[in-house]
Structures are given as structure tokens and as C-alpha cells.
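**Student:** Here is the input, now give the coordinates:
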Amino acid sequence: MLRIYNSLSKKKEEFIPNDPSHIKFYACGPTVYNKIHIGNARAFMSADLLAKVLKGIYSKVTYVCNITDIDDKIIDAAKEENLSIKDISTKYFNQYQDDTALLGISKPDIQPFATDYIDDMITYIEKLIASDNAYEKDGNVLFRVSSFPNYGCLSDRKLEEHDSGSRVKVEDFKENPNDFTLWKPSLNEDPGWESPWGRGRPGWHLECSVMSESTLDIPFDIHSGGNDLKFPHHDNEIAQTCAFHGNDDPTSFAKYWVHNGFLNLEDEKMSKSLGNVVYIDQLLQNYKGNEVRLALLSTHYRQPIPWSEDLLDQSHNIYVKLQSAFKEYGVVDGKFHVNSKVAEILLDDLNTPLAIRTMQDLVANPDENIENEIATFKYIFEGSNQDLSLSDVQVNQINELVKERDDARNSGDYERADKIRDKLSKMNVSIKDVNGKTEWEIL
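**Tutor:** Alright, predicted model coming up:
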């Protein structure tokens, strides 16, 4: 039985689905205006981990992860790169698809794009206005937070505790500084859609409420995202969705809320605004996709990851040793065996670091169920297809390095030979000296 920490109840709970014959799970996806960095990938990896575990247990799981393809950041990026909104969002959506695939993050079952749901969003807003949960002013439509008694229930922020706007200028069209945007006007050169309140575009918070309900209906089982989305994004989602249905109970929207911790680079949160981002393609120049995946899963999903090159090197070493040990058992396909020790650990709030340590112990001291343990481990930790084959360029590069090492050994430069061996090892290349010749294989 799966146990998971519910951010709404603030405790670890037994997962009891609304309908065991069909599990419904929604995760907040990317805003496609730039490449994703490794901090972004942490949230997508956490959602992927949960989806894989759910699909290992239940016969039918629908996993939805949205794409925000209209946003002020996208508009700014399009202007900066001199591209259309459509071109910029398509460019970075494709990049997102490539990067996540290289990390073994599976595609969701449904991937809705915000711009495909504009009409539904307008209808949604009209009902909120009619019920007096929202109001229009100068082409802006705002949600009236005072109309929802449980506002802030997820983050535990109370309206009376919020900053009233003394440090940040509050727009004069707001009745209350905490009211949030459902619809905003578009400038002539910006993208927009016709609506009863003039030409404009939807607010970010509204997009997820409409897309999650349109694809899964409500209530659905699990809603996930990064810790930074609890407030205001998820609190706002709960408020507007419950208000739309005339219900103050947040579980009438989603029963469980799952949030992952941040990724810290040298004790500082990674973010584009701080300029300390590390992009996926940079990491994959030196590490395999499954090694980066292992590094991302080496810390419990609710805890911050202390990201460093040392962590990547450690994950590389663990991955290489495990692959070498797995080879003794031939081809073992990834499959979730619920009775395995690895699965039992994962079912306790997705405890990946303990699962990794347990797998290391199991290959050192195997029992009769070792193949099921390996299969379960592979199912969760080895999703990347980057590791499955080598291009001609990669083969040529390895052959050149092997030749350089042979030349160094033949000339007595053993220090250089050892450095080349280490470089090959980082590329997951195992080498053996056989009758004066070097043979290599991929681990």
C-alpha cells in the first residue's frame, strides 16, 4: 500500500484513491520560454517518479502534465529572440521534450496546451463573475479572495497575515491587494483573444484549474508541483476551482497534494533570476542521462538537493558498479514488482535514497529474488534511452581515446594512460588489457 505525504493535511497518509480502477494525477508542467535547467527537472523527475510508482501498482493511471504556452515570459522571450509567440513556444517545447527524454522522464498520458483551452477559460470566468467570486475592472478580471473562506489552506497563509502592499505597489483596479488575475488586457502587439471584457489573455493560475478539470474531471486523486507553487499558484487554483463549484472543501478539487523540494547549487537555490542555472545539455556532455537521473533521485523528493559535481561523480560511480553487477544476471527488463524490497521502500513516500542503498546491498549479497529487485530498480531509476546505443561519432571518440592510452602505455607515460582510463570510465566505457591489446565495452 502506498503511503505519501499530503501537503494539504501536512502529514504522511495511506493513499486511498477516489476510484481504484482509475487513478487520476495532475502535475504542473513547464512554461516554454527557455531551456529547462536542472532545478526545473527536479520537479518533472519527482512527478515522473510518482507516476511510475502509481502505474506499477494500479491497472489504469491517467497522468496529465500541462504546457503553458502563453505567458508574459514567453512574450518577452519572443521579443528578445525576434520570433513569434508560436515559434518561441514550439522551439522550447521541443527542447523540453528532448531534455526530459534524455533523463528518462516519460511523456505524460495527456499533455494539454493552455492556448487550446481559451474558450473554456472564458466560460469559467463568466461563471465566477456571475457567482460574485470575481469582478471586472478596466478589462481586468480578478478573483475575489475574500469570497473563499479557506483561502490559503494549502500554504497555511491567512489573508490577515499577507503583506497588504506596503512594499509593492498594488494595482488600483484591485478591491483587495490579494485578489489575483483571471484575465488581463493584451497590448496591441501582444497575443490576445476576444472576450466579454475586451481583447486579452488568461491568468496563469486559471489555466491549470481549467486544464486539470477538462482532462481529468474533479475530484482527481493527486496534484503535484514544486514547493514554490504552494503559494500563490496552488492556493489560487484551489480557491477558484472550489468557488466555481460552490464548494469550500479543497478535497473536492484534489485529494492529495504532493510537493518536491528545491535544488540548491552550492547552498543557494538555483534560478534563472540569480544567474546560477545549469542546463541539461551541459550536464549530458560529461554524464549519462541515467547518471543524472540517479543524482536527482539520490535525495528524498521532499528534501532540497545539494547539487554539485561531487554528487554527479558519486552517482556515476554507483551507476557503473550497479550496471557491472546487473550483467551477471543477463537481460532483466524493468518492471515494478510490488513484493520486492525496493518496491516496499518506494511505497513508503517514494524513499529513493534508501532504495538506492538497498539495491547496492542486494547486489553485494543477492538472494533468490534478486532479478525482481533489479527489474524494479531499473523500472524506476533507468528510464533514459540515451544510454542504450552509441553514435558513430561516439564510437570514433572512444577508439581514439583507447589508441591514445595504448600509445601512452607503450611510451611509458603511465600517468597519462591512467587519466585516459578515468575519462573513459566517466563515459561508462570499461576497458581490459588482453594480450597487449585494449578491448572496451559499454557498461
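**Student:** Please make it C-alpha for all contacts and neighbour counts, starting now.
**Tutor:** Will do.
**Student:** before we move on, what SS does M211 have?
**Tutor:** Classification of M211 using DSSP: H, G, I helix; E, B strand; the rest coil returns helix.
**Student:** Quick check: the gap between it and D76.
**Tutor:** 24 Å (CA to CA, to the nearest Å).
**Student:** before we move on, what about P185?
**Tutor:** 16 Å.
**Student:** Same question for N66.
**Tutor:** 21 Å.
**Student:** Same check on S146?
**Tutor:** Taking CA to CA, one finds S146 at 32 Å from D76.
**Student:** and if you look at P30?
**Tutor:** Here P30 is placed at a distance of 16 Å from D76 (CA to CA).
**Student:** Next: K255.
**Tutor:** K255 is 36 Å from D76, by CA to CA.
**Student:** out of the two, which sits in the more crowded spot?
**Tutor:** K255 (20 against 14; other CA atoms under 10 Å).
**Student:** Which stretches in the stretch 251-400 of the chain count as strands?
**Tutor:** 254-260, 263-265, 268-269, 305-307 (DSSP state E, counting those that start in this stretch).
**Student:** One more: the stretch 1-150 of the chain?
**Tutor:** Counting by DSSP E, counting those that start in this stretch, the stretch 1-150 of the chain has strands at residues 3-6, 11-14, 23-27, 61-65, 134-137, 140-143.
**Student:** Sheet partners, orientation included, of the helix or strand just after the last one?
**Tutor:** This means strand 140-143. The helix or strand immediately downstream of strand 140-143 is strand 180-185, counting by DSSP states H and E. Here strand 180-185 is paired, per DSSP bridges, with strand 140-143 (antiparallel), strand 200-202 (antiparallel).
**Student:** Strand 180-185 - what's its average pLDDT?
**Tutor:** When pLDDT is averaged along strand 180-185, the result is 97.
**Student:** Just the CA trace of it, in CSV.
**Tutor:** Taking Å, rounded to 0.1, in the frame of the first residue of the first chain, the C-alpha atoms of strand 180-185 are listed here in CSV:
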residue,chain,number,x,y,z
PHE,A,180,-5.5,37.6,-8.3
THR,A,181,-5.8,37.9,-12.1
LEU,A,182,-8.1,35.7,-14.1
TRP,A,183,-8.0,37.8,-17.3
LYS,A,184,-5.7,40.6,-18.3
PRO,A,185,-5.8,43.0,-21.3
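**Student:** For it, buried residues please.
**Tutor:** F180, T181, L182, W183, K184, P185 (16 or more other CA atoms under 10 Å).
**Student:** Return the distance of that strand from the chain's centre.
**Tutor:** Strand 180-185 sits 27 Å away from the centroid of its parent chain (CA atoms, centre = their mean, to the nearest Å).
**Student:** Using the record's domain definitions, break the chain down for me.
**Tutor:** 17-263, 286-381, 392-442 (automatic domain parsing).
**Student:** Could you tell me the least trusted of these?
**Tutor:** domain 392-442 (a mean of 80).
**Student:** Relative to H205, how far out is the nearest residue to L142 once chain neighbours are set aside?
**Tutor:** Once flanking residues are discounted, L142 sits nearest to T181: 4.6 Å by CA to CA, 6 or more residues apart in numbering. Distance from T181 to H205, counting by CA to CA: 8 Å.
**Student:** burial count for L362?
**Tutor:** A count of nearby residues for L362, using other CA under 10 Å, gives 17.
**Student:** need the contact list for it.
**Tutor:** I370 (CA atoms under 8 Å, 6 or more residues apart in numbering).
**Student:** how about the helices in the protein?
**Tutor:** Taking DSSP state H, the helices of the chain run over residues 38-57, 72-81, 85-102, 118-130, 204-216, 235-244, 280-283, 289-296, 309-326, 341-346, 352-364, 370-381, 392-410, 414-426.
**Student:** Same question for the fourth one: list its buried residues.
**Tutor:** Just to be clear, that refers to helix 118-130. I118, M121, I122, Y124, I125, E126, L128, I129.
**Student:** which one of these sits closest to A408?
**Tutor:** Of all these, I118 has the smallest distance to A408: 64.3 Å, by CA to CA.
**Student:** from what I can see A254 touches P219, true?
**Tutor:** Yes: applying CA atoms under 8 Å as the test, A254 and P219 come out as touching, 5.3 Å apart.
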